[in-house]
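Visitor: Here is a sequence together with a model predicted from it:
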Amino acid sequence: MSALSVQQLRARLRACGLRATLPRIAVLGQLTAAEGPRSHAELTDALTARGFDRATIYRNLMDLTDAGLVSRTDLGDHRWRFELKRASHAQDPCHPHFICEGCGSIACLPEASVELHAVRGAPRALRHKSVQVQVRGLCNGCA
Ligand SMILES: [Zn+2]
Ligand SMILES: [Zn+2]
């Protein structure tokens, strides 16, 4: 996904009723350019050089989440990760994620890469697709 211009980021924020403040544009820009979910700590690492502190970044992540632009997931390690809601994911909020056991990177996978079958004996949640699917292995860089 290519990065959006500041102009486009501003427009997205305003369309959701949010004021387009500098930290908000920066946080949304990071999530737009990311290829997978990012933790608050990762975003802080990326943005402190630009003069935004932890608390500011957190507050803006919450604002973006509340406004429905960003979704928040716990991928099993009890850390929240934030991810831009993309149009292509709209019908499938539970698209699978690939977690690298080497470097810990997390990437979104296309829905079609993993198929769920709600066979007899499987929990009902599977049929409703209200589950999180995680695939673990080594990414291209670590394999
Ligand atoms: Zn890796
Ligand atoms: Zn994802």
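Guide: Everything's here; your move. Ligands and ions are numbered 1, 2, ... in the order given.

Visitor: rest of the way, CA atoms for contacts and neighbours
Guide: Noted.

Visitor: and the gap between the closest residue in space to Cys139 that isn't next to it in sequence and Ala107?
Guide: Once its chain neighbours are removed from consideration, Cys139 has its nearest residue in Cys100; the separation is 5.4 Å (C-alpha to C-alpha, 6 or more residues apart in numbering). Cys100 is 9 Å from Ala107, where distance means C-alpha to C-alpha, to the nearest Å.

Visitor: Thr48 now?
Guide: 23 Å.

Visitor: Tell me which of the two has more neighbours.
Guide: The residue with more neighbours, out of Thr48 and Ala107 and counting by other C-alpha atoms under 10 Å, is Ala107; that gives 18 against 12.

Visitor: Assign a three-state SS to the more buried one, would you?
Guide: When the structure is reduced to helix, strand and coil (DSSP: H, G, I helix; E, B strand; the rest coil), Ala107 reads as strand.

Visitor: Do I have it right that it meets Phe98?
Guide: Yes - taking contacts as C-alpha atoms under 8 Å, Ala107 lies within contact range of Phe98: 5.2 Å.

Visitor: Quick check: bridge partners of the residue nearest to the spatial centre of the chain?
Guide: Among the residues of the chain, Glu83 comes closest to the average C-alpha position under C-alpha atoms, centre = their mean, at 1.5 Å. Partner residues in beta bridges with Glu83: Ser71, with DSSP bridges as the criterion.

Visitor: quick one: pLDDT of it?
Guide: Confidence at Glu83, expressed as pLDDT, is 92.

Visitor: And for Ile99?
Guide: Note on Ile99: pLDDT of 93.

Visitor: Can you tell me how far it is from Gln134?
Guide: When distance is defined by C-alpha to C-alpha, Ile99 is 7 Å away from Gln134.

Visitor: And Gly68, by the same measure?
Guide: 23 Å.
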